[in-house]
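Q: No letters, just coordinates:
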């Protein structure tokens, strides 16, 4: 089959690809010029809507549709927040875009703000990307100097300021209302919805939050049109009028036990097996694959038998995963213990849970406590039932939590235990031969247990007891 | 009118009403469990205990469509056609799971926790919780951390409902409390050097659904199931917060605010909340005594039974009479005393007792105000005096009258939380031959009295107070006065020769019929009181 011509990664091999000079030499900002001259904001929204572009941040919500939720005739200000918090484990495509082709991103931001009539854009950048910070800020400065940002862009009526705001290493700041709260200088506790950000967002004004890769796609839709965009990817299911399809190019982050980990661009819909074999050079060390995370750890797991599932917005759901997510594929080879995998996943979500709502705060902690006890050789078969119950009960899908972190925490639990049940049962029986059948509650394994006295809860290391 | 269905029961909600699912369910008698929602605070929907199934009723087709997922009732508005289901298996399971989540890491402190008996965690466990403990067993006791002078925090009992944090932000406006750390390591704390120190701090203990926040004043004092509570009115200032007086065997242990949308919403200030201990002070006077008439300060105890004859004899021959009405008297007591004194001397001079003002009115972010006028019933007492005398003498003017020798017999009522009549005041009564002092404390004035009549405090009175906004609130006594003291009401009733036991309601009927200002205060007074200004409005129309 014909090799796919990169769109989003077209520039990154050029020397100094991050500079304005190189970007403009390759045709950069022509789309912006054309749009500002020929299209008014509603028409640009229609263009993006008709392209069926779906958000690349993890939820896959149609971008053009999200833009239409903004109130018409609002006196302003309207804000655009660009979600560069990229913290989903396994994901690094935003990083590559920001570090190596920031102008592609900025052009998309300016176009998106023009469409939504936002006058200020905040780019929320995760703390751990210092190179991206430097490259983005330099690119923004170049834009101001060239007249692509600031007052009366390119001599028209549209004005825009972009500010970079650094996060401080919290996954929950990638949730759109957690991001907004953090921007406002508060604890990143996601807000209850309604109201939705399009109505009441940053500083209680209409706000749209979009992902880095999504706005990069906007640049190309503006340059080449919606029909071009829809010629790439997986068409909508004709039998399902609500299916927006999976159109456009996608950056797949391939990592884990493959020979050539990296960021690969392909039309949406490539299968996991094709991605691993053709782009990733196959599983490393001559081993076989056991499982793969399809789209960041929140999406759950494929078994090796499920590797032929297409990685589009509809595919992973058909094999019991949460969705495509960020399309970050992490391959686990046959030597990986799924107990270790699940323990690692539970540790991540327990650490990152914001703690606001009970099912997530307590459920992620309970799941981790159980995995720790299982790994310490004190697991029970009943723990697997409890873990599945936690997995089935937390999240915005059952309606029990405020945001989707809990769904992300639940899916790896559900997939790992249901798809690898035998391995978990064997591990528990093998490591706790005398206690695995116990069904009554067992003593907890919290640290600092003195055998003769009541258990003491050790305060976290950062707590300064008695400081006041 | 909007039609809302809760568990199959239809209710009508007024067009002006903005209710959520919890409030709609309350109308049907269904109590949806909740921790974080409070009618006085912003909705955060974070505890997830109030999860219910919601749906909509299509008015045309009559079909009910339920949402596939659960929603918190606290953030679901009860609009026309909203359907709530609170008793399905799905909902019951959700309640049990949330309750279980909160008990996972909760210390086993019930035996040593003040909240036992009024604890949401306990109650919801019995009503909605799992049948057995499925999580690892963790027998431990909570750490304790001081929040300030009034409130202490048992850190590990906290269920992160954030009611206390929201209170300090939205109601007090002082924002001392915060959440530190993230996830399951979260704790409530104050910023170093900035303890919880606002004057409404005690309210966070009321708000706390578990025993995490504790009242240092009440800590370990009494088990809640031994206490009886009585509806009362705080006597601390002219705001007149509605309160509960909680007592056991005639000892007051705690005051709590009582919900009153017209006066204090759900709150009371620390001064009022903790300022009741004087009720049981060992300095309170309890012996009825009469001066022996010889030179010196010798008193003889007399029996309450002979007091009316003694007083009648003394006062009838005393010449011009005067009475000082303490702003701590109830309206009924003021009325009865005025009747008594004017019966003996129709020209008796009636004065208001000293009114203590401290600083200025203190208004907090939500509008709650602690008033500078530190007495509960100046307005009520003044209105009674004006009715009888046409005008109300100030205490200073009354002292001048006493000094001039114009007053031969004076009845001075006190009942202030602190001694209110010092030597400089007492001296000015030198020319008053017959002095009756009815008070709690042995002040210099008390030491000069002809009759020392021990009185009662707000917690021992039955009657009503009128607050700064002309709202009259009625209350019954919560505890009996100490042995040897009589409450003012029963004493005046008896002095007037009224038959039977003192009944404040009957006295109130009488004064409502006689005094225009109190016209609407007849019949049963609602628990939140009655606005006396309604009469003025009605008067304006007629």
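A: Alright, I've got the coordinates. Only a predicted model underlies this, so the values are computations on that prediction, with no experimental measurement involved.
Q: Give me the neighbour count for the residue of the stretch 401-542 of chain B at minimum distance from chain A.
A: Proximity of the stretch 401-542 of chain B to chain A (C-beta to the nearest C-beta) peaks at residue B:528, 31.4 Å away. The C-beta positions use only the backbone N, C-alpha and C, and glycine is treated the same way. Burial of residue B:528 is recorded as 16 neighbouring residues (other C-beta atoms under 10 Å in any protein chain shown).
Q: can you pull the pLDDT of the nearest residue to it once chain neighbours are set aside?
A: Of all residues not flanking residue B:528 in the chain, residue B:260 sits nearest, at 4.6 Å (C-beta to C-beta, 6 or more residues apart in numbering or on different chains). Residue B:260 is assigned a pLDDT of 98 by the prediction.
Q: any idea which helix or strand comes after the lengthiest strand in chain A?
A: Using DSSP state E, we find that the single longest strand of chain A is strand A:249-256. Using DSSP states H and E, the helix or strand that follows strand A:249-256 in sequence is strand A:262-267.
Q: after that next one, next one along is what?
A: Heading C-terminal from strand A:262-267 (DSSP H and E), you reach helix A:272-274.
Q: Which secondary structure element is home to the residue nearest to the spatial centre of chain B?
A: For chain B, the residue sitting closest to the mean C-alpha position, by C-alpha atoms, centre = their mean, is residue B:243 at 2.0 Å. With elements taken from DSSP H and E, the one containing residue B:243 is strand B:242-248.
Q: What is that strand packed up against?
A: Other helices and strands packing on strand B:242-248, by 3 or more C-beta pairs under 8 Å, 6 or more residues apart in numbering or on different chains; DSSP states H and E, are strand B:228-233, strand B:251-257.
Q: all helices of the stretch 101-250 of chain B, in order?
A: Using DSSP state H, counting those that start in this stretch, the helices of the stretch 101-250 of chain B run over B:120-128, B:163-170, B:203-207.
Q: quick one: low-confidence ranges for the chain?
A: I'll assume chain A. Residue ranges of chain A with pLDDT under 70: A:1-2, A:446-468.
Q: My question was about chain B, not that one.
A: Ranges of chain B meeting pLDDT under 70: B:535-542.
Q: And what about the residue nearest to residue B:230 when sequence neighbours are not counted, helix, strand or coil?
A: Distances taken as C-beta to C-beta, 6+ apart put residue B:478 closest to residue B:230, at 3.9 Å, once the chain neighbours are dropped. Assigned by DSSP: H, G, I helix; E, B strand; the rest coil, the conformation of residue B:478 is coil.
Q: circling back to that earlier point, how about the residue nearest to residue B:528: which residues does it bridge to?
A: residue B:265 (DSSP bridges).
Q: so what's it up against?
A: B:241, B:242, B:473, B:527, B:528, B:529 (C-beta atoms under 8 Å, 6 or more residues apart in numbering or on different chains).
Q: same deal with residue B:132?
A: Counting by C-beta under 8 Å, 6+ apart, residue B:132 has contacts residue A:441.
Q: From residue A:437, how far off is it?
A: Distance, residue B:132 to residue A:437, by C-beta to C-beta, to the nearest Å: 17 Å.
Q: can you count the residues close to the residue in the stretch 201-350 of chain A positioned nearest to chain B?
A: Using C-beta to the nearest C-beta, residue A:350 is the residue of the stretch 201-350 of chain A that sits closest to chain B, at 6.4 Å. The local packing of residue A:350 (other C-beta under 10 Å) involves 23 other residues.
Q: what does residue B:76 give?
A: Based on other C-beta under 10 Å, the number of other residues close to residue B:76 is 20.
Q: does it really touch residue B:54, like I thought?
A: Yes. At 5.3 Å, residue B:76 counts as touching residue B:54 under the criterion of C-beta atoms under 8 Å.
Q: Overlap in contacts, these two.
A: Common contacts of residue B:76 and residue B:54 (C-beta under 8 Å, 6+ apart): B:21, B:82, B:84.
Q: Tell me the buried residues within those.
A: Neighbour counting with 16 or more other C-beta atoms under 10 Å in any protein chain shown marks B:21, B:82, B:84 as buried within those.
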